[in-house]
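> Give me coordinates for this.
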Amino acid sequence: MFKTTLSRAAAHAERQPLIKFLGKRTVPSSVDRTPAVHPASPSSALPGQGSPSFSAYRQHAQQHGPLGRNIRTDSSVGSVPGRDFGPVAAAQGEFFDRSELPVRFRRSPYTEAEIEAIETGGATLVC
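Alright, predicted model coming up:
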């Protein structure tokens, strides 16, 4: 009953690992844990040391619009309220909604047969 399990255990007992390690594992005695600038960093200073702090960075950062509360009022996004732009009117021949189109371009209402075909998925439609 346990013959397969015993044969597998015997096979694993004779197994040799393929990786050979050179020596005993040791922890290095001198590890420098002081903060350092990443070698690929564009600046040569840590945050808060010569480069702006995170709060100063956040005041000028943008990700779909300004993140900070100190938004410039010169022509940046959101500096002018919408009502100051005046009324919005469509140009000649342009329409904002389908209901404004001429009658010949509007959607025609569905017939009872079309409604039935949509509701049944076309199963009752006979060609």
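
> Helix, strand, or coil at residue 25?
When classified by DSSP: H, G, I helix; E, B strand; the rest coil, residue 25 comes out as coil.

> Burial check on it, number of neighbours?
For residue 25, the neighbour count with other CB atoms under 10 Å is 5. C-beta: built from backbone N, CA, C; applies to glycine.

> measure stretch 87-99 end to end?
End-to-end distance of stretch 87-99: 20 Å, with CA to CA, to the nearest Å as the criterion.

> and stretch 30-42, how far apart are its ends?
28 Å.

> Need the contact partners of it.
Residues outside stretch 30-42 that contact it (CB atoms under 8 Å, 6 or more residues apart in numbering) are 43-46.

> So which of the residues you listed is the closest to residue 97?
Residue 97 lies nearest to residue 43 out of these, by CB to CB, at 52.3 Å.
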